[in-house]
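S.K.: please work out how this folds:
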Amino acid sequence: PKRCCEWLRCCGGGEARPRTVWLGHPEKRDQRYPRNVINNQKYNFFTFLPGVLFNQFKYFFNLYFLLLACSQFVPEMRLGALYTYWVPLGFVLAVTVIREAVEEIRCYVRDKEVNSQVYSRLTARGTVKVKSSNIQVGDLIIVEKNQRVPADMIFLRTSEKNGSCFLRTDQLDGETDWKLRLPVACTQRLPTAAVSSFPCRSPCWQPVLEDSDPPISESLSIENTLWAGTVVASGTVVGVVLYTGRELRSVMNTSNPRSKIGLFDLEVNCLTKILFGALVVVSLVMVALQHFAGRWYLQIIRFLLLFSNIIPISLRVNLDMGKIVYSWVIRRDSKIPGTVVRSSTIPEQLGRISYLLTDKTGTLTQNEMVFKRLHLGTVAYGLDSMDEVQSHIFSIYTQQSQDPPAQKGPTLTTKVRRTMSSRVHEAVKAIALCHNVTPVYESNGVTDQAEAEKQYEDSCRVYQASSPDEVALVQWTESVGLTLVGRDQSSMQLRTPGDQILNFTILQIFPFTYESKRMGIIVRDESTGEITFYMKGADVVMAGIVQYNDWLEEECGNMAREGLRVLVVAKKSLAEEQYQDFEARYVQAKLSVHDRSLKVATVIESLEMEMELLCLTGVEDQLQADVRPTLETLRNAGIKVWMLTGDKLETATCTAKNAHLVTRNQDIHVFRLVTNRGEAHLELNAFRRKHDCALVISGDSLEVCLKYYEYEFMELACQCPAVVCCRCAPTQKAQIVRLLQERTGKLTCAVGDGGNDVSMIQESDCGVGVEGKEGKQASLAADFSITQFKHLGRLLMVHGRNSYKRSAALSQFVIHRSLCISTMQAVFSSVFYFASVPLYQGFLIIGYSTIYTMFPVFSLVLDKDVKSEVAMLYPELYKDLLKGRPLSYKTFLIWVLISIYQGSTIMYGALLLFESEFVHIVAISFTSLILTELLMVALTIQTWHWLMTVAELLSLACYIASLVFLHEFIDVYFITTLSFLWKVSVITLVSCLPLYVLKYLRRRFSPPSYSKLTS
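M.R.: The predicted model follows:
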């Protein structure tokens, strides 16, 4: 029993190779295929430690400390106890390794959950349970309703009566509409048990039944496939596995995630390189002042080690711990519940986003359609007047069933009323018949499926269709009295308000395509034998098909401005011979070999003339909660919003207006479809003349523009207040993100909810996933995941802003702390004839950057300049951050000058007031240094938090308590004397008071923008 499907698939960059699959006999395959496992981890068990360490030491920063620590093993370079260098380095690495390990374990657990789902495999001996990870190419797998398809399969058989099945693809593309799939015809005719034992082999796109005589060949198309990651929405299906593991379509579509490094970290890295330069210069100067005497090269190395504090090792630890705190604060924020931080390395990025790229379906909109408007030309019915439509329909069907005896001269009003009713009825009937929707019945516990189908039970009915628009229309006709109760390939049943069943035979269906923008259906009413051709489509194409009228264009414009999706519905009655003639020509055209699609289109177009315009329908795709205020906040914060969607141009423009992405007074420039260089040039010139208008462009035109005029196009697009790209492929979305980063050098943030947004999310500097109705894929791949689009405002305005400002303050303060002690060392060495002798030994140097000052300095991560409500109310505050002012060369220079001033003041002060012994210099200068640091933290803080006060007092207490144990460095009896106290107080005052005065004057005469809001 064998069957083989040869499928062409390009693997990697190689050529397409056919694949032969034996049905239900994986052991007969001719080559090895990858295991069916999903793996999202960065490392495995063996590469974890080497990988993490490599990622740490590729930073200039960490490598420098490693070399420093190693140098201490050489006796000539030894400057003090080994632990002074190894303990801090070990601590830094331990923190990083633990954090990476936690993220890897979480990833492993998520993957394991997916890989261990259980499926049923069909074999010659019956069904066997099998884990998802053990499924092989050639296995026959049974997938139940609401179960995920485990691998890419060919669809062989379904339990549904109508011989087809629906798939939900929201995991792949974020769309909630269902896709129709058809089984291979020759296997659908067999019973399920027989599928596993029927002889067949399948080469190149076609299954071959070998035992039958003659062998049957059938062609396969995209309709017969079940992609991995989709969910079966109806019935039970049987399929043969074609591709597994890393050869799955969805896996080959996603790019490898890159490790994101924040811009902030790169800036800090840059500052440390400057500090390193300063370190080398200072060491060379010291040796030069000794006139390069003796073994001067060793002296240089000793000085490099002596001043190594210029580059603070605690900087990385403090920043990494800070990131953990920010992530914790974001997770704990009750205003944005359910927010998850998946990448804790880049919270500062959120504080300086310039471009926000968002998906439309499921991110800005809920993908739930609501019928809003029925327009008949002379009269329009909105949501509030649907009961009138209902009464019209009701009157038509009650009059038919009981025609009253002829009255003497019917009054005028009833006549008008009747014509109105019949017009409404015609429109509603057309909407109820012209679609591709199938009603499906499910058991609800009270009635079983078969019973519900026979009785057309309302409570058990679910509508299935490939587009949510269509379902909305059919649900609306049900609400006004005409209900679609049954449908198969050739007939349709409607139920009237009087519970009669109307039967219609479907003669032809012309499905909707993106080229034709319309769909048509020809039905015969069984009771009267009338044949009617119904059609609905976009206003642009329907305007030329319907009879002349004076209201269509104007009303379509009005409805589109309200953000409704407009469809035009029309009909044409056909005589029997007219239809027979059409059918003969249609069948003829379908059989032609050359230009088939053109000939078929021509035949259909012969019918599409002078049709009677029945009505316009307006359906709204509801926006997510608070999308408009959120977009407005982002716009005021100086963030440009681009909408990248796979949807149609009209729909995308509708949503852009509806969500106020494009403001009321802005023009919209719709970029015409261009196919070559010349057209693109002309269209770009036309766009250049426009001023302050939003751009709407389709994916195809975008590709042409980027091919020939990449620089010019990006320059123009970046000046637009808003850009909408429609019909975008997932790879195109990622390409746009990449171009924005390269062209502008600004930070981008991508927001999406479906699998088709994953590439864009991973490419951007900061990816945010919205947890969709089903789609978890985007939120798992993102750096941050939120439950609703409106939470984005708070995430950026409050948390992004705070994280960036806090990290900037923290990093500069840590640099200041270490520069102070290095300045003191430099002054000390220069006074004592440039000797390479350390000022503070062993524990003092470690204690300085840990026990004594760590808590107050780290408490800067709790600081905030304005309350979160103010930050949300004035998004303009966010705009200030885009210039990168909190951490720049200017602020860095100011802190360096402060450090040099304070370090030299303390040291010279101590030398001036120094008593007979050298010991006292250490005591006075070290105590002053600690006090100065604590006062400087107090000076930097803007909003006090109780933990900050605790940290300050705790550090002071620690220092005083530890003085008892430090008698080898500090004379305990001298500390208790009065002279010690006044000398320390004077030195500390001289080093801190001028800065307090300067800060006060600055707040007084040029206050920053946020202080104006808080005063």
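S.K.: who's in contact with the closest residue to residue 646 other than its chain neighbours?
M.R.: Nearest residue to residue 646, sequence neighbours excluded (C-beta to C-beta, 6 or more residues apart in numbering): residue 728, at 5.8 Å. C-betas here are computed from N, CA, C, even on glycine. Contact analysis of residue 728 by C-beta atoms under 8 Å, 6 or more residues apart in numbering lists 644-646, 699, 702, 736.
S.K.: and the residue nearest to residue 717 when sequence neighbours are not counted, which of the three is it?
M.R.: Nearest residue to residue 717, sequence neighbours excluded (C-beta to C-beta, 6+ apart): residue 723, at 5.5 Å. On the three-state scheme (DSSP: H, G, I helix; E, B strand; the rest coil), residue 723 is labelled strand.
S.K.: now swap in residue 796 and tell me
M.R.: What three-state DSSP gives for residue 796 is helix.
S.K.: quick one: residue 533 from residue 492, how far?
M.R.: Separation of residue 533 from residue 492 (C-beta to C-beta, to the nearest Å) stands at 15 Å.
S.K.: ugh, wrong one, I meant residue 696
M.R.: Distance, residue 696 to residue 492, by C-beta to C-beta: 37 Å.
S.K.: find the residue closest to residue 502 in space, skipping its chain neighbours.
M.R.: Nearest residue to residue 502, sequence neighbours excluded (C-beta to C-beta, 6+ apart): residue 494, at 4.5 Å.
S.K.: which residues does that neighbour form beta bridges with?
M.R.: Residue 494 forms beta bridges with residue 484, residue 502, as assigned by DSSP bridges.
S.K.: the bottom helix or strand of the protein by mean pLDDT?
M.R.: Counting by mean pLDDT, DSSP states H and E, the chain has its least confident helix or strand at strand 200-201, which shows a mean of 50.
S.K.: tell me where the stretch 651-800 of the chain has strands.
M.R.: 667-670, 693-698, 722-726, 747-752, 766-770, 784-786 (DSSP state E, counting those that start in this stretch).
S.K.: make a markdown table out of those strands and add distance to residue 943 and mean pLDDT.
M.R.: Shown next, in a markdown table, are those (distance: least, C-beta to C-beta, whole Å; pLDDT from 0 to 100):
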| stretch | distance to residue 943 | mean pLDDT |
| --- | --- | --- |
| strand 667-670 | 44 | 91 |
| strand 693-698 | 39 | 94 |
| strand 722-726 | 36 | 94 |
| strand 747-752 | 26 | 95 |
| strand 766-770 | 26 | 93 |
| strand 784-786 | 25 | 93 |
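S.K.: want to throw these into JSON lines with mean neighbour count and distance to residue 423?
M.R.: Putting the strands of the stretch 651-800 of the chain into JSON lines (neighbours: other C-beta atoms under 10 Å; distance: least, C-beta to C-beta, whole Å) gives the following:
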{"stretch": "strand 667-670", "mean neighbour count": "15", "distance to residue 423": "34"}
{"stretch": "strand 693-698", "mean neighbour count": "21", "distance to residue 423": "36"}
{"stretch": "strand 722-726", "mean neighbour count": "25", "distance to residue 423": "35"}
{"stretch": "strand 747-752", "mean neighbour count": "28", "distance to residue 423": "44"}
{"stretch": "strand 766-770", "mean neighbour count": "29", "distance to residue 423": "43"}
{"stretch": "strand 784-786", "mean neighbour count": "25", "distance to residue 423": "48"}
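S.K.: I'd like those laid out as JSON lines, including distance to residue 713.
M.R.: Listed next are the strands of the stretch 651-800 of the chain as JSON lines, based on distance: least, C-beta to C-beta, whole Å:
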{"stretch": "strand 667-670", "distance to residue 713": "13"}
{"stretch": "strand 693-698", "distance to residue 713": "9"}
{"stretch": "strand 722-726", "distance to residue 713": "11"}
{"stretch": "strand 747-752", "distance to residue 713": "17"}
{"stretch": "strand 766-770", "distance to residue 713": "24"}
{"stretch": "strand 784-786", "distance to residue 713": "30"}
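S.K.: among those strands, which is nearest residue 334?
M.R.: Residue 334 lies closest to strand 784-786 among the strands of the stretch 651-800 of the chain, at 14.0 Å (C-beta to C-beta).
S.K.: which strand or helix spans residue 120?
M.R.: Following DSSP states H and E, one finds residue 120 within strand 118-123.
S.K.: would you map out the domains in the chain?
M.R.: By the assignment in the TED database, the chain contains the domains 135-253, 311-336+793-1005, 355-366+621-789, 375-398+420-441+460-615.
S.K.: mind putting those into CSV with distance to residue 299?
M.R.: As requested, those are arranged in CSV below (distance: least, C-beta to C-beta, whole Å):
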stretch, distance to residue 299
domain 135-253, 57
domain 311-336+793-1005, 6
domain 355-366+621-789, 43
domain 375-398+420-441+460-615, 76
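S.K.: fine by me, we can end here.
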